[in-house]
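S.K.: below is the structure, and that's it, no one-letter string:
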């Protein structure tokens with residue numbers, strides 16, 4: 001059975017991202033083992049206080065998340081876009097867990113990815129109008145998709161964008177939730193098919 005790491009990167013406890021995470025998890029559970037982390041429930045220092053100059057001990061929740069990251073076949077990150085980027089605590093989560101020697105290393109000055117063989121899905125919500133979703137999401141997809149996940153060897157990295165959340169109707173939000181549930185079902189089935197091939 002494949003392993004999916006599901007990260008709800010919204011620092012708010014009650015959020016639409018939390019609802020979408022529920023839906024993805026429900027869709028994926030029939031075919032995969034899902035390990036879920038909600039940013040709102042993690043307690044850690046989001047500031048990488050010394051960069052990579054000194055080791056900063058991981059809090060228990062971050063140790064568990066890092067272990068799940070290494071064991072996952074597929075990584076799913078859900079997050080809202082705030083001011084054109086990830087919430088600060090979500091970025092801090094990445095800074096603290098995607099560490100050299102764990103997710104990447106350097107050999108003779110060249111980066112070596114250590115998370116090969118994994119795939120990912122980024123799910124982003126935002127309040128912008130539908131015509132501007134891709135434009136607003138572009139910086140986050142570059143930072144999280146290309147310069148974090150792909151840099152560490154994760155490929156492919158797919159994405160799904162939902163908005164305008166603030167202008168959406170209940171019917172639209174439920175349609176998006178159904179789409180995410182189906183993604184969970186399909187992606188867990190696809191990874192299982194790869195395992196059995």
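M.R.: Nice, thanks for sending it over. No experiment lies behind these values; they were computed from the predicted model shown.

S.K.: in a strand, residue 33, correct?
M.R.: Yes: assigned with DSSP: H, G, I helix; E, B strand; the rest coil, residue 33 falls within a strand.

S.K.: can you give the distance of the helix or strand bottoming out on mean pLDDT in the chain from its chain's centre?
M.R.: Within the chain, no helix or strand scores below helix 170-196, which has a mean of 84 by mean pLDDT, DSSP states H and E. Relative to its parent chain, helix 170-196 has a centroid offset of 15 Å by C-alpha atoms, centre = their mean, to the nearest Å.

S.K.: ok, stretch 129-141 next?
M.R.: Worked out by C-alpha atoms, centre = their mean, stretch 129-141 lies 17 Å from the chain centre.

S.K.: for that stretch, buried residues please.
M.R.: Neighbour counts over stretch 129-141 (16 or more other C-beta atoms under 10 Å) mark 133, 136-137, 140-141 as buried. C-beta: built from backbone N, CA, C; applies to glycine.

S.K.: quick one: contacts for residue 148?
M.R.: 94, 98 (C-beta atoms under 8 Å, 6 or more residues apart in numbering).

S.K.: need phi/psi at it.
M.R.: phi -120, psi -70 (degrees, to the nearest 10).

S.K.: can you map out the helices along the chain?
M.R.: Along the chain, counting by DSSP state H, helices occupy 16-28, 60-71, 88-97, 133-140, 170-196.

S.K.: quick check: buried residues in the least confident helix or strand of the chain?
M.R.: Quick answer for helix 170-196 (16+ other C-beta under 10 Å): 173, 176-177, 179-181, 183-185, 187-189, 191-192.

S.K.: let me know the angle separating it from helix 16-28.
M.R.: Counting by axes from the mean of the first three to the mean of the last three C-alpha atoms, to 10 degrees, helix 170-196 lies at 40 degrees to helix 16-28.

S.K.: what helices or strands is helix 170-196 leaning on?
M.R.: strand 2-8, helix 16-28, strand 32-38, strand 74-80, strand 119-125, strand 157-162 (3 or more C-beta pairs under 8 Å, 6 or more residues apart in numbering; DSSP states H and E).

S.K.: now for the residue nearest the centre of the chain: which residues touch it?
M.R.: For the chain, residue 77 is the residue whose C-alpha lies nearest the centre (C-alpha atoms, centre = their mean; 1.7 Å). Counting by C-beta under 8 Å, 6+ apart, residue 77 touches 7, 9, 120-123, 144.

S.K.: thanks a lot, see you next time.
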